[in-house]
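Asker: only geometry, no sequence info:
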């Protein structure tokens, strides 16, 4: 997906990280308050009887408003030359390897939305995924890399997203 949205850790987390040390950061799990998009992922998990799902975001920037997220990510990359906000950057290759599935049976759902402002992040992500991986997603007609977001604004479209993804898995 695009970013962590409005999810929040339920425990205090030290987010102060020196940019040069980000590649050596240990992967840690903390309890969080999910955002509404993550609840949609939980619905998919329920329908598939999955006990585990891992969400990899195009960026680690926590921001609930996409327009603000775009500003922050562009400012970081263009003004500061800082790309390590994404696990798909070269400096974080070791972290990415730990997070990607090891089994070819594991399904990966692509669902970051349709904004062209995400193009650089999407390109980085796709360049790091093995083409043999089982990729799913609702590809927008006329595009090669824009996958519909799991939580469109209308509830009817939210149900449709779940139904269409489930049909892909059953095909």
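Answerer: Thanks, I have it. All figures in this text were calculated on a predicted structure; none of them were measured in a lab.

Asker: low-scoring pLDDT stretches of this structure, where are they?
Answerer: The chain contains residues with pLDDT under 70 at 15-27.

Asker: give me that answer again for 50
Answerer: Counting by pLDDT under 50, the chain shows no low-confidence range.

Asker: now do the helices in it.
Answerer: Here the chain has its helices, by DSSP state H, at 36-48, 66-74, 80, 93-99, 119-128, 155-170.

Asker: list the buried residues for the last one?
Answerer: If I follow you right, that is helix 155-170. By neighbour count with 16 or more other CB atoms under 10 Å, helix 155-170 contains the buried residues 158, 161, 162, 165. C-beta: built from backbone N, CA, C; applies to glycine.

Asker: ok, the first one touching residue 39?
Answerer: Pointing back at residue 158 there. No: with contact defined as CB atoms under 8 Å, residue 158 does not reach residue 39; the gap is 9.9 Å.

Asker: residue 139: how many residues sit nearby?
Answerer: For residue 139, the neighbour count with other CB atoms under 10 Å is 14.

Asker: tell me the bridge partners for it.
Answerer: Bridge pairing for residue 139 (DSSP bridges) gives the partners residue 147.

Asker: hang on, residue 108 packs against residue 101?
Answerer: Yes: the pair residue 108 / residue 101 is scored as a contact, 7.0 Å apart, by CB under 8 Å.

Asker: higher neighbour count, those two?
Answerer: residue 108 (16 against 13).
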